[in-house]
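Q: this one's structure only:
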């Protein structure tokens, strides 16, 4: 009788299911096929153009400005831009008793062959945000790769922005 009972039990080695390389149950084939074109479009957005960030040369700072102490203020800077420069940005901080502004550009290879050089682009204003010092008085402003300098006054009667 033991032999009959063993004959009816399937052999675990011969009755295994084949391993499948299927997608997880949470991601059906239709969803997978719908996501493939989206992924391709996102990767295509990277394009063949390569860009890098580089320090920008400051051309002009505000000539006179008074800012309130201990506030977040903005200072506009005119940059010297070439036609290969795009996306101006700026960070600022109060360090060593002066306001240091660090303007940058994105430089892309797609624009590298342009004919204009020097300060050829006129729409290169950038706004830098900085926390002003708590004490009142004149403060030196240093900006850009050429270390253009200017002065702002810190006083209770001051505002929160300096524009050209």
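A: Yep, that arrived. In this text the structure is predicted, and so the values were computed from the model without any measurement.

Q: what ranges do the helices span in the protein?
A: All helices of the chain, identified by DSSP state H, fall at 2-8, 29-44.

Q: Go through these and find the least confident stretch.
A: Among these, helix 29-44 carries the lowest mean pLDDT, at a mean of 47.

Q: Where does the prediction get shaky in this structure?
A: When residues are selected by pLDDT under 70, those of the chain lie in 1-49, 109-123, 164.

Q: which residues in it form strands?
A: All strands of the chain, identified by DSSP state E, fall at 51-55, 57-60, 66-67, 72-80, 85-95, 98-108, 125-131, 137-143, 148-154, 161-162.

Q: could you dump the ones you listed to TSV with mean neighbour count?
A: Bear in mind the C-beta positions are built from the backbone N, C-alpha and C, glycine included. Formatted as TSV, these follow (neighbours: other Cβ atoms under 10 Å):
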stretch	mean neighbour count
strand 51-55	12
strand 57-60	20
strand 66-67	19
strand 72-80	20
strand 85-95	16
strand 98-108	20
strand 125-131	18
strand 137-143	17
strand 148-154	18
strand 161-162	19
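
Q: Touching, residue 149 and residue 101? I think so.
A: No. Contact criterion Cβ atoms under 8 Å: residue 149 and residue 101 do not qualify, at 10.4 Å.

Q: so what sits against both of these two?
A: The contact sets of residue 149 and residue 101 overlap at 141, 142, 143 (Cβ atoms under 8 Å, 6 or more residues apart in numbering).

Q: Just the closest of those residues to residue 87, please.
A: residue 143 (17.7 Å; Cβ to Cβ).

Q: what sits against the closest one?
A: Residues in contact with residue 143 (Cβ under 8 Å, 6+ apart) are 58, 61, 77, 100, 101, 102, 103, 128, 149, 150.

Q: Is residue 141 bridged to anything, and to what?
A: Per DSSP bridges, the residues bridged to residue 141 are residue 99, residue 150.

Q: Please report how far it lies from residue 149.
A: Distance, residue 141 to residue 149, using Cβ to Cβ, to the nearest Å: 7 Å.
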